[in-house]
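[1] mind folding the following:
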Amino acid sequence: MERKKLSHEEAVREVYRLTPQIREYDEFMYLGVRWLPYTMFFHHKNYQSEVISTDSFGFRNSTFGGAKISVANMPTDRPVNLLVGGSTTLGTGATSDANTISSRLAEYTQEPWLNFSGRGYNATQEIILFLMHQHRFQHINNVVVFSGINTLTLEGLPDNLTSDHGRYYYSFEYNHYMDKYNDDLKQRIKTYASDLDNRNKNPLRQLKSYISSLVNQENIADKIITDDSTNTQERVQRAAFAVSNALYQWQQVIAPFNARLIFILQPMSYWTRDYLTPNEEEIFHAIDSCPNNFWRLFKNILSKEIHEIFVDAIRTSCVSREIQFEDMNLLLRDSQKISDYLFVDRVHFNDEGYDEVANIIHKKVLQQPDYVIEN
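    Residues are numbered from 1 along each chain as shown. You can find the predicted model right below:
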């Protein structure tokens, strides 16, 4: 079926018509970036709406026993469980805090589950986030890392945006704005070393720099970035190593808590099944008509062949380190709800989808003996 071409504005309005809650997530995201040390950025603190709310640290609230719980407001009379990950763990697409995976897990298990997510985070940022808050925890039962897609997606950024420690959300923005500081250093009145000598030899340099800044007025927020120039096979191997290495770090860091560590590769619609429901087709058409750079980085990783390579590499590492590994793509295929309308985009769910993921984790993952590796 051929669908009508949509302008950017028409597409965004169509997304909001089909999934009204997404407007609130966009509002939450585009308030501006809250910069932090070490992890680079995090959610806004004390954000309140009917769809999403955060605590005084910026973590999304979960529900347990009729009350909100979070890293800033966790139970002190019992152990807690952590659900770690990016925006799927955050619950993008859920209509309320009560409909995220962590909240639904709390309902199914009758135990507190904290939403320990960072929207846009890769595997390295997830473990760093825990290191920054490790001192707040006394007793932890389970650490479920429900992740993987962000790391794979972001490793698709062009090679000139790589770093000594991988690729990450805001890779382009970080380099662009940090380089501006280097430019400012060259323009300061009181300078040092060779720059002082060169300044006296080249009095026209400041004028040249000023004119150049006027010419280059492109809005960096509109910069289009794709994965077209990235070697896909190398990308998958880099991402698999980053995820596996982070899991090894998790294993060491939570050892003093005697907590169980489980890695679950989060699902992607194209990896989970070969079709979309009619509702999903409408939504995906609208999203593809107004893509942001994150969605553009999915172009070369949608195939099931990429899924298999990525899974095999991470599973092999988990087996060697006795870390429980699960693949939610496979687990969802066996669900009775697999044919239902579950996805609101390639990696995020609606309420029914999040509930089913939580149900599967409860029944098929947590019920297994420790250190069982899925074949």
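[2] hey, let's count contacts and neighbours off CA atoms from now on
    Fine.
[3] need the helices for the stretch 151-300 of the chain, in chain order.
    Along the stretch 151-300 of the chain, the segments classed as helices by DSSP state H, counting those that start in this stretch run 171-187, 193-201, 205-215, 232-253, 269-272, 278-288, 293-296.
[4] so what secondary structure elements neighbour the following helix or strand past the last one?
    With elements assigned by DSSP states H and E, the helix or strand that comes after helix 293-296 is helix 304-321. Contact partners of helix 304-321 among helices and strands, from 3 or more C-alpha pairs under 8 Å, 6 or more residues apart in numbering; DSSP states H and E: helix 232-253, helix 269-272, strand 324-327.
[5] pull out the buried residues from stretch 127-139.
    Across stretch 127-139, burial judged by 16 or more other C-alpha atoms under 10 Å covers 127, 128, 129, 130, 139.
[6] export it to PDB, keeping only CA atoms.
    The C-alpha coordinates for stretch 127-139 follow below in PDB (Å, rounded to 0.1, in the frame of the first residue of the first chain):
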ATOM      1  CA  ILE A 127      27.800   1.400  34.300                       C
ATOM      2  CA  ILE A 128      29.200   4.900  35.000                       C
ATOM      3  CA  LEU A 129      25.800   6.000  36.100                       C
ATOM      4  CA  PHE A 130      25.700   3.200  38.700                       C
ATOM      5  CA  LEU A 131      29.200   4.100  39.900                       C
ATOM      6  CA  MET A 132      28.000   7.600  40.600                       C
ATOM      7  CA  HIS A 133      25.100   6.300  42.800                       C
ATOM      8  CA  GLN A 134      26.500   3.000  44.100                       C
ATOM      9  CA  HIS A 135      26.900   4.500  47.600                       C
ATOM     10  CA  ARG A 136      23.100   4.900  47.900                       C
ATOM     11  CA  PHE A 137      22.400   1.200  47.800                       C
ATOM     12  CA  GLN A 138      22.400  -1.300  50.700                       C
ATOM     13  CA  HIS A 139      20.800  -4.500  49.500                       C
END
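[7] for the protein, name the helix or strand with the lowest mean pLDDT.
    Lowest on mean pLDDT, DSSP states H and E among the helices and strands of the chain sits helix 205-215, with a mean of 56.
[8] quick revisit: out of the buried residues of stretch 127-139, which one sits closest to residue 185?
    residue 128 (30.4 Å; C-alpha to C-alpha).
[9] so the closest one makes contact with residue 39?
    Yes: at 6.5 Å, residue 128 counts as touching residue 39 under the criterion of C-alpha atoms under 8 Å.
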